[in-house]
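**Q** this one's structure only:
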Ligand code: NDP
């Protein structure tokens with residue numbers, strides 16, 4: 001493994017499990033100083049920290065002050081990955097409105113405030129990467145309204161901040177996965193077959209495959225890619 005990110009300071013919001021943990025592992029292996037946040041999974045966070053040498057910080061993305069404080073804790077940052085997210089699926093007529101509001105806090109408000117705070121703390125030529133979803137572009141089955149709304153919203157955040165921070169060489173992009181094998185969406189879950197039906201490559205992605213795209217966008221090679229949505233979905237949307 002090359003030390004491509006040696007000397008770089010990376011903050012990952014939501015790094016205790018799934019895609020975020022894979023991103024923490026990859027940046028740490030590539031030589032970066034990594035700080036990551038977690039909320040509920042203290043044990044998993046401690047294990048990732050011990051494994052990678054990264055620093056775990058407890059910060060609930062549903063609470064604005066905690067998100068902003070977590071970003072500030074990273075010091076002067078080079079790369080911020082806003083990964084923490086929740087999914088609530090089901091008939092909107094029956095969903096708990098409080099749960100939907102919490103999803104909005106975590107999936108929309110936190111990326112906005114984290115992105116702005118990142119811009120405040122960041123070196124020139126920094127990188128902000130938000131983990132969105134193909135549901136930001138399309139909804140292929142019922143029950144995904146709140147989640148899809150949140151993933152469309154981060155597209156606007158990325159486009160806007162790309163303009164705001166572009167003069168400093170900071171890029172802002174969204175990575176939009178299709179199905180990824182994590183606790184949120186296990187590859188052996190009841191909906192897997194239905195999800196695979198529309199894909200050219202009929203399997204869940206691994207979290208590490210998503211992390212590869214994040215590391216590319218964070219690299220110097222991606223300096224002119226900004227305000228974009230980078231889809232990694234095995235051809236689900238073609
Ligand atoms: P997981 O549920 O496996 O992991 C979610 C991560 O986010 C955990 O580290 C969790 O930490 C953290 N997190 C959740 N809520 C909060 C919170 N309130 N404050 C701080 N951290 C929080 O999900 P995935 O890894 O699958 O998902 C990661 C991102 O990728 C999400 O934004 C999701 O929407 C997106 N995505 C996932 C897809 C999939 O198929 N898996 C497809 C497309 C997009 P903790 O447990 O410590 O709270």
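**A** Ah, there it is. Values in this document were obtained by computation on a predicted structure and should not be read as measured data.
**Q** make it CA atoms for all contacts and neighbour counts henceforth
**A** Noted.
**Q** go ahead and confirm residue 154 touches residue 174.
**A** Yes. Taking contacts as CA atoms under 8 Å, residue 154 lies within contact range of residue 174: 7.4 Å.
**Q** who's more crowded, those two?
**A** Just comparing residue 154 and residue 174: by other CA atoms under 10 Å the higher neighbour count belongs to residue 174, 29 against 24.
**Q** please settle this for me: is residue 112 part of a helix?
**A** Yes. Counting by DSSP: H, G, I helix; E, B strand; the rest coil, residue 112 is found in a helix.
**Q** can you tell me the closest non-neighbouring residue to it?
**A** With CA to CA, 6 or more residues apart in numbering as the criterion, residue 112 has its nearest non-adjacent residue at 6.3 Å, and that residue is residue 157.
**Q** so where do the helices sit in the protein?
**A** 18-29, 42-52, 64-73, 97-104, 110-121, 145-165, 192-197, 207-218 (DSSP state H).
**Q** list the helices and strands the longest one packs on?
**A** When you say that, I think you mean helix 145-165. Helix 145-165 sits against helix 97-104, helix 110-121, strand 171-177, with contacts defined as 3 or more CA pairs under 8 Å, 6 or more residues apart in numbering; DSSP states H and E.
**Q** would you mind listing the buried residues in the longest one?
**A** Residues 110, 111, 112, 113, 114, 115, 116, 117, 118, 119, 121 are the ones in helix 110-121 that count as buried (16 or more other CA atoms under 10 Å).
**Q** now it against helix 97-104, angle please.
**A** 30 degrees (axes from the mean of the first three to the mean of the last three CA atoms, to 10 degrees).
**Q** relative orientation of helix 110-121 and helix 145-165 in degrees?
**A** Taking the same axes, to 10 degrees, one finds helix 110-121 and helix 145-165 inclined to each other by 20 degrees.
**Q** same question for the first one.
**A** Using the same axes, to 10 degrees, the direction of helix 97-104 lies 30 degrees away from that of helix 145-165.
**Q** what's the answer for the last one, then?
**A** Strand 171-177 and helix 145-165 are oriented at 160 degrees to each other (the same axes, to 10 degrees).
**Q** can you add mean pLDDT and distance to residue 41 and give the helices and strands packed on helix 145-165 back as a markdown table?
**A** Formatted as a markdown table, these follow (pLDDT from 0 to 100; distance: least, CA to CA, whole Å):
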| stretch | mean pLDDT | distance to residue 41 |
| --- | --- | --- |
| helix 97-104 | 98 | 18 |
| helix 110-121 | 97 | 18 |
| strand 171-177 | 98 | 23 |
